[in-house]
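>>> Generate coordinates for the sequence data below:
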Amino acid sequence: MAVPVAFFAVFFAWPVVSIVERGLRTDDGAWRFGRFGETLSRPEILDVLWFTLWQALASTALTLLIALPGAYVFARLDFPGKGVLRAVVTVPFVMPTVMVGTAFLALVGRGGLLDELWGVRLDTTVWAILLAHVFFNYAVVVRTVGGLWAQLDPRQEEAARVLGASHWTAWRTVTLPALTPAVAAAALMVFLFTAGSFAVVQILGGPAYSTLETEIYRQTVDRFDLTTAAVLTLVQFVAVGAVLAVHARTVRRRESALKLVAPEQTAHRPRGAGQWTLFGAVLLSVALLILLPLGVLVERSFATSDGYGLTYYRALRSVDPSGTFLVPLADTIGNSLRYALVATALALGIGGLAAAALTRRAGRLVRGFDALLMLPLGVSAVTVGFGFLITLDEPPLDLRASWILVPLAQALVGVPFVVRTMLPVLRAVDERLREAAAVLGASPLRAWREVDLPLVRRALLIAAGFAFAVSLGEFGATVFIARPDNPTLPVAVARLLGRPGELNYGQAMALSTILMVVCAVSLLLLERLRTDRTSGEF
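Below is the predicted model of the structure:
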């Protein structure tokens, strides 16, 4: 636990505490705790808190409802193009949230596809926000739940069927309890992401809707009211801590040793009318909720006022004359890949150590650390970004001029995914296997290498894919610390969208298309490079 604790203490706790302290302390050192009641009693703040809560719960429920059938199809059914489709459904998760909002605005907003075809507009409504959240978080459920589902021994459910249970009863009493830790982990991640939604709500909801993240940004950047921002940040801490405590308690009650098998033993071609109907429904939902918005972005990257062409892509090779970017925008592709690879390595090392420590269940201290690891997903990225700027700017950690600052910020978001993806599988490993290896003379390291590693290798690859994906698309904290001479793809896209003009918008669409292609190709290569076909969700 030493390495993960030190990492989070220096690069998360210290920056966040520093920015909150600046907001709640006066120049003479006195604490302004009275501002809690004053801030939280304001009607507009209460409206923000209520909307943040209920839209996050609705988004989580809708995502689980739509994505769990997809998790089953990817885990238990075998069909041509499965690897390609698995990579495609992960692409939205790496997209900057500002592009998610823009893609759905092109579909449901004024002049969008629905408006042109049927005269229907969903922008400035909560339905557009909920659908965009499903689009963004679909892969979280498919990867997290599907990774474990593919390794569950189907003979346990078949035994229940032989004893007279119906399909529904056998699934509810055998498979669902085994999947509960993975479902709870996926639901927790979706809830935290949707509760902290910023760009999606701002673009699709308009001024009528605001989340905690939106309000913290407004108070910090627009009004420079650090006191109100600090109060709302602490509210986030309390709310996220409560959610994590409930989640940890639920998972501990449901944990059990599971019999894991190779996914090739569980996957099969669709059989019967029911499975074919489910397979078709999942393909239709993927086409409408994922492929259609992605297709709109690709189409906009080629559409100019003079017709379709490569004008916007050619413009990426030139240096911006306004000075916003000091290098050609094409260089952001290499920057993003380098940063993402370093961040993935950091997240795997730190998250892997944390998951191994948490598997031992060594008392309340370790369980508390489990909850703390998830806080970066629920804390405002604005707070983290500003915290980096005011804490990591002097010796012995003067990193503001160093390239490593961006991967460090990205790794903060990647570590929770590594832990949450690996932990259910690590805890499902039968302890008797480790004990048998020890009896036969294996050291703890060899027992881990011979027993745990073969069983968790697929979870490790899933974790690597998630860490790489979130690093590619991380925007909230990176936008404050990325330098003009080394911008990332999401930062470049956001800055282009904030500037008027057809060329800027077209270049933003072109960069977004490149980001989608890079992600899809990376995930597909990970699928093809997998040497052991019995492990690895990718």
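
>>> how about the helices in the stretch 1-150 of the chain?
2-8, 14-24, 34-40, 43-76, 82-94, 97-108, 113-118, 126-149 (DSSP state H, counting those that start in this stretch).

>>> Is it possible to get TSV of the ones you listed that adds mean pLDDT, distance to residue 431 and mean neighbour count?
For the C-beta atoms, the positions are set from N, CA and C on the backbone; glycine is no exception. Shown next, in TSV, are the helices of the stretch 1-150 of the chain (pLDDT from 0 to 100; distance: least, CB to CB, whole Å; neighbours: other CB atoms under 10 Å):
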stretch	mean pLDDT	distance to residue 431	mean neighbour count
helix 2-8	90	23	16
helix 14-24	83	37	19
helix 34-40	80	46	13
helix 43-76	91	25	19
helix 82-94	80	32	21
helix 97-108	78	41	24
helix 113-118	76	54	12
helix 126-149	88	18	25
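
>>> how about those helices in JSON lines, adding distance to residue 173?
What follows is those, written out as JSON lines (distance: least, CB to CB, whole Å):
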{"stretch": "helix 2-8", "distance to residue 173": "37"}
{"stretch": "helix 14-24", "distance to residue 173": "43"}
{"stretch": "helix 34-40", "distance to residue 173": "44"}
{"stretch": "helix 43-76", "distance to residue 173": "17"}
{"stretch": "helix 82-94", "distance to residue 173": "29"}
{"stretch": "helix 97-108", "distance to residue 173": "38"}
{"stretch": "helix 113-118", "distance to residue 173": "42"}
{"stretch": "helix 126-149", "distance to residue 173": "16"}
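
>>> Tell me which of the ones you listed sits nearest to residue 447.
When the helices of the stretch 1-150 of the chain are compared by CB to CB, helix 2-8 sits nearest residue 447, at 21.1 Å.

>>> out of the helices of the stretch 1-150 of the chain, nearest to residue 203?
helix 97-108 (3.2 Å).

>>> for the stretch 301-450 of the chain, which spans come out with low pLDDT?
320-327, 361-364, 366-367, 378 (pLDDT under 70).

>>> So which residues of it form helices?
Going by DSSP H, counting those that start in this stretch, the stretch 301-450 of the chain shows helices at 311-315, 331-359, 364-372, 375-378, 381-391, 405-428, 431-439, 444-447.

>>> which ones are touching residue 518?
333, 336, 337, 472 (CB atoms under 8 Å, 6 or more residues apart in numbering).

>>> Double-check the second one against residue 491; I have them as touching.
No. The pair residue 336 and residue 491 does not pass the contact test of CB atoms under 8 Å, sitting 9.1 Å apart.

>>> more neighbours, those two?
residue 336 (31 against 25; other CB atoms under 10 Å).

>>> which ones are touching that one?
Here residue 336 is in contact with 472, 488, 489, 490, 515, 518 (CB under 8 Å, 6+ apart).

>>> and what of residue 205?
124, 125, 126, 128, 129.

>>> How about the first one: what's its closest non-neighbour residue?
Using CB to CB, 6 or more residues apart in numbering and skipping residues adjacent in sequence, the residue nearest residue 124 is residue 206, 4.4 Å away.

>>> before we move on, the earlier item: quick one, which of the helices of the stretch 1-150 of the chain gets closest to residue 417.
Checked against CB to CB, the stretch from the helices of the stretch 1-150 of the chain lying closest is helix 126-149, at 8.6 Å.

>>> helices and strands around the closest one, which ones?
If you count contacts as 3 or more CB pairs under 8 Å, 6 or more residues apart in numbering; DSSP states H and E, helix 126-149 packs onto helix 43-76, helix 82-94, helix 97-108, helix 176-195, helix 199-200, helix 405-428, helix 453-473.

>>> Of those helices, give the one that comes closest to residue 212.
Short answer: helix 43-76, nearest of those by CB to CB, at 4.8 Å.
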